[in-house]
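**Student:** how would this look folded up:
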Amino acid sequence: MRRIEQRPPPPSTLTDSEALAARRAIAEFLDLPDEQRESRRAPINEKIFHNEPVREALNQLFAGKCGYCETTRAGPMVVEQHRPTSNAGGSRKRMPHYYSWLAYDWENLILVCQACSQRKRNQFPVRGARAPVMAPLARVRAQETPQLLDPGYDRPERHLDFTLDGMCHARSKRGGSTIGTLDLNRMDLVEERRAAYQQLQYRIGDGHDLRAVIEALTELDANEAPFVGSMRILRYRLLSAIAERVSHFSFSFEDAQHLIESVLGEAREDDVTAALRTLDRPERAAEAAATPASPAALPFTPQIRRILVENFRVIDRIEINMEAIKRESSSAAALMLLGENATGKSTVLEAITLALVGADKADTLAKARDVEPDARRGGHRGPHGPTRVLIEFHEGPPAELFVGPDGKFDGTREPRGNVLAYGSRRYFKAGRRIRSRTGGPKGLFDPSWTLPHPDLWLEDLGPDRFPEIARALAEILSLPPPPAAFLKQDERGVYIVEGELETPLSRHSEGYRSIFATAVDMLRGLMGGVDVLDAQGVVLIDEVETHLHPRWKMLVVSALRKALPRVQFILTTHDPLCLRGMGPGEVQVMMRDPTNRIGLAPDLPDVSGMRIDQILTSEHFGMQSTLDPDFQALFDRYHALLRESRDKPEVAGEIDSLRKRINERQRLGQTERERLMLEAIDRHLATRVAAGPVREQQDAALEAQIDDIWSEATVEAE
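**Tutor:** Numbers count the residues shown, from 1 in each chain. Predicted structure coming up:
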């Protein structure tokens, strides 16, 4: 950890009119009556700090490294608040709206790696009282005693120590708490630090070349040096040990960089080597043990990086790469699978689920022999290799699943995370109030499985925990902001309050209740002993559009990701409305090639800026148009004749007739130039291939033809 001595002025996106309006919105929210405020989350506009100007400014400030651990390797860096924007706390004591009013404060923003982000979550324990709501950051810092070190305010050298083996040691209780919360001695980070320290140790050598030692230590003045914060602590300890041997004087940490030459100027080789040996162990003051992070009741779930499915039912080989986070957001990355029926979408969900839960659990969900390719079940006739599913993560070892010689699942035995999976049929029996557990992954494999009744678990929560769940449910159900609507619970059950109207959930439609029950089961399975915003895991949902009104279909993905920002969602759908909320690279289309083998469509465009009709007619859904079937039949015949026209000149008359009929119903091309362009495009659509080099050549030829038409029209106009 390196102390940030001075920040430049904040980027304009943190101070412009939109940012000021966002700050006012938070202040107004925090001023609402308790009942309305406690059941909703503060309105945080992530676009104000998740943007390129802020990211670039922080990247320069932190030299492209994590502000906590100084790594550059643990996944992409994210913009986060040191003091979290919701549910700040430690252990079970949480402050639901702390520190939302500091969400856009430049001094509170930090660049963080994925590994530290997943471990820190919303943890922010404080000794003693917290500052009052809406207090400015300067007062908050002055009044509070947080247990997590702030690289923008604290002095790490007073709380942390390091040794040449790469280990981090605590000098204080705050240092111990920071080490425990962020897991600063995780294996890969220790190895990375050790390698950097060995380079320094190699350059110092036996102290024979003092000029080389001076040069190596002086280079640590540059913030870009690897692990420069911890290296400066080692430099200070090294110089202090040499000074004690040669001159018996001491100096401050801040003075170390100015005393390198004067201290080493009096040193001998044995002084340097003896001082270097002291860095093999922590200083005597470093006796405070690392405080473990607040325990999570559920397993740590790293973000999925790569999915490989081979010879699994109808699938020969599918490989999908995933990012750790959604771009310009703090939400975990998601994956949406599209494709016609029988292209293996549900099969991929099942393969991922079985690999994540581990071989022991997988045997209780499916029969291993049933997942092997079989022509009778839609698989190819072979030959085929062994069944294999590999899930790689942005951190930690992979999860692997295959079929053993005994006909059972083998591979990674233990679960690699918290996994929930739901099939396309998601409902609960309204009259069946049996106290049952969440199904976990069972719902994806058992079509007769029903959701547990949501009321029983909600009743058990009590008044202390219900507001936390209500805040997440309000996001998932896309309720309008308070005071327009909020959730309420009393002895009668759970209600949605809209103005003067209180509607019990039991009175809502079956579809609404089904969505509500699914959301409750999801929250129940993910939160365990942690806060909902801290919950980690993987949720797989087949045909996510089931039971949803079109308005909800457009909101469902964004709502789920906002409610559970650290959860990875892997979904399937047949509805283009559900692609709202998906970013670049997060949508994949499964398709069969001419040999009937399943693969992924290449080079898909980004759906985020496309209209629904454009998505339907793009490669994502492959429809020729959104026209009615009779009109589409005219286009199909028109394109068929265009394909034949080179070899059959006699079809030219029918082509002209069809073109006139199409133009009568859909008038396009008002000028000769436009008509020529449309004819060229029609001919291209009729003859182009699906993909590959030939498709690229055809596309390039079309562009050249359109350019020629445009140029000729321009010359004529002149």
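
**Student:** how about the helices of the stretch 401-550 of the chain, start to end?
**Tutor:** When secondary structure is read from DSSP state H, counting those that start in this stretch, the stretch 401-550 of the chain shows helices at 454-476, 510-527, 550-563.

**Student:** what bits of the stretch 251-400 of the chain have low per-residue confidence?
**Tutor:** Across the stretch 251-400 of the chain, the ranges flagged by pLDDT under 70 are 284-299, 326-328, 375-383.

**Student:** Tell me which residues of the longest strand seen in the chain come out buried.
**Tutor:** Secondary structure assigned by DSSP state E gives strand 304-312 as the longest strand of the chain. Applying a neighbour-count criterion of 16 or more other Cβ atoms under 10 Å, the buried positions in strand 304-312 are Ile304, Arg305, Ile307, Leu308, Val309, Glu310, Asn311, Phe312. No exception for glycine: its C-beta is placed from N, CA and C like everyone else's.

**Student:** Looking at those residues, which is nearest Glu468?
**Tutor:** Within those, distances to Glu468 taken as Cβ to Cβ reach their minimum at Ile304, with 26.4 Å.

**Student:** isn't the closest one right up against Met322?
**Tutor:** Yes. Ile304 is within contact range of Met322, at 5.3 Å (criterion: Cβ atoms under 8 Å).

**Student:** any common contacting residues for the two?
**Tutor:** By Cβ atoms under 8 Å, 6 or more residues apart in numbering, Ile304 and Met322 have these common neighbours: Ala333, Gln568.

**Student:** how far away is the nearest residue to Pro84 once chain neighbours are set aside from Pro151?
**Tutor:** Among residues not flanking Pro84 along the chain, Asn122 sits closest, at 4.2 Å (Cβ to Cβ, 6 or more residues apart in numbering). Between Asn122 and Pro151 the computed distance is 18 Å (Cβ to Cβ, to the nearest Å).

**Student:** try Lys488
**Tutor:** 41 Å.

**Student:** Have a look at the two and say which one is more surrounded.
**Tutor:** A side-by-side neighbour count of Lys488 and Pro151, using other Cβ atoms under 10 Å, places Pro151 first with 21 against 16.

**Student:** quick one: contacts for that one?
**Tutor:** Residues in contact with Pro151 (Cβ under 8 Å, 6+ apart) are Met1, Arg2, Arg3, Ile4, Gly67, Tyr68, His82, Ile110, Gly229.

**Student:** could the helices of the stretch 401-550 of the chain be laid out in TSV, adding mean pLDDT and distance to Asp316?
**Tutor:** Output for the helices of the stretch 401-550 of the chain, formatted as TSV (pLDDT from 0 to 100; distance: least, Cβ to Cβ, whole Å):
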stretch	mean pLDDT	distance to Asp316
helix 454-476	84	37
helix 510-527	85	32
helix 550-563	89	29
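
**Student:** Nearest to Pro693, out of these?
**Tutor:** helix 550-563 (34.6 Å).

**Student:** any idea of the angle that closest one forms with helix 510-527?
**Tutor:** Between helix 550-563 and helix 510-527, the angle comes out at 10 degrees (axes from the mean of the first three to the mean of the last three Cα atoms, to 10 degrees).

**Student:** what comes into contact with stretch 464-476?
**Tutor:** 38-41, 87, 94, 96, 458, 461, 485-489, 515-516, 519-520, 523, 527, 531-533, 559-560, 562-564.

**Student:** and if we set it to 6 Å?
**Tutor:** With Cβ atoms under 6 Å, 6 or more residues apart in numbering as the test, stretch 464-476 has contacts from Glu38, Ser39, Arg40, Arg41, Leu487, Gln489, Ala519, Leu523, Val532, Ala559, Lys562, Ala563.

**Student:** hang on, the earlier thing: mind listing what the residue nearest to Pro84 touches?
**Tutor:** Pro84, Asn87, Ala88, Leu533, Asp534.

**Student:** please redo it, this time with the cut-off set to 7 Å
**Tutor:** Pro84, Ser86, Asn87, Ala88, Asp531, Leu533, Asp534 (Cβ atoms under 7 Å, 6 or more residues apart in numbering).

**Student:** From those residues, which land in strands?
**Tutor:** Judged by DSSP E, strands contain the following of those: Ala88.

**Student:** Output the contacts of Asn122 as JSON lines; include the columns neighbour count.
**Tutor:** Formatted as JSON lines, the contacts of Asn122 follow (neighbours: other Cβ atoms under 10 Å):
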{"residue": "Pro84", "neighbour count": "23"}
{"residue": "Ser86", "neighbour count": "23"}
{"residue": "Asn87", "neighbour count": "23"}
{"residue": "Ala88", "neighbour count": "24"}
{"residue": "Asp531", "neighbour count": "22"}
{"residue": "Leu533", "neighbour count": "22"}
{"residue": "Asp534", "neighbour count": "23"}
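
**Student:** number of nearby residues for Ser250?
**Tutor:** There are 9 residues near Ser250, going by other Cβ under 10 Å.

**Student:** Next, work out how far apart the residue sitting nearest the centre point of the chain and Ile26 are.
**Tutor:** Nearest to the mean C-alpha position of the chain, by Cα atoms, centre = their mean, lies Ala332 at 1.5 Å. Distance, Ala332 to Ile26, using Cβ to Cβ: 24 Å.

**Student:** returning to what we had before: would you format the contacts of stretch 464-476 as TSV with neighbour count and distance to Arg659 included?
**Tutor:** Below are the contacts of stretch 464-476 laid out as TSV (neighbours: other Cβ atoms under 10 Å; distance: Cβ to Cβ, whole Å):
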residue	neighbour count	distance to Arg659
Glu38	18	64
Ser39	24	60
Arg40	23	57
Arg41	24	56
Leu487	22	58
Gln489	19	64
Ala519	21	52
Leu523	23	57
Val532	25	58
Ala559	20	46
Lys562	20	49
Ala563	24	51
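
**Student:** Let me know the closest of the residues you listed to Asp280.
**Tutor:** Closest to Asp280, out of all of those and judged by Cβ to Cβ, is Val532, at 44.3 Å.

**Student:** surely that closest one meets Arg524?
**Tutor:** No. Shown here, Val532 and Arg524 do not form a contact pair, counting by Cβ atoms under 7 Å, at 10.2 Å.

**Student:** and Leu337, what helix or strand is that in?
**Tutor:** In the assignment (DSSP states H and E), Leu337 maps to strand 335-338.

**Student:** same thing with Arg139?
**Tutor:** Using DSSP H and E, Arg139 sits in helix 137-143.

**Student:** ok, then the element right after that helix?
**Tutor:** Next along the chain after helix 137-143, taking DSSP H and E as the criterion, comes strand 145-146.

**Student:** which helices and strands sit right next to that next one?
**Tutor:** strand 126-127 (3 or more Cβ pairs under 7 Å, 6 or more residues apart in numbering; DSSP states H and E).

**Student:** Quickly run through the sheet partners of the strand it packs on, with directions.
**Tutor:** strand 145-146 (antiparallel) (DSSP bridges).

**Student:** Show me how far the partner strand is from its chain's centre.
**Tutor:** Here the centre of strand 145-146 is set off from its chain's centre by 29 Å, with Cα atoms, centre = their mean, to the nearest Å.

**Student:** Also stretch 491-503?
**Tutor:** 34 Å.

**Student:** go on, stretch 489-506?
**Tutor:** Offset of stretch 489-506 from its chain centre (Cα atoms, centre = their mean): 34 Å.
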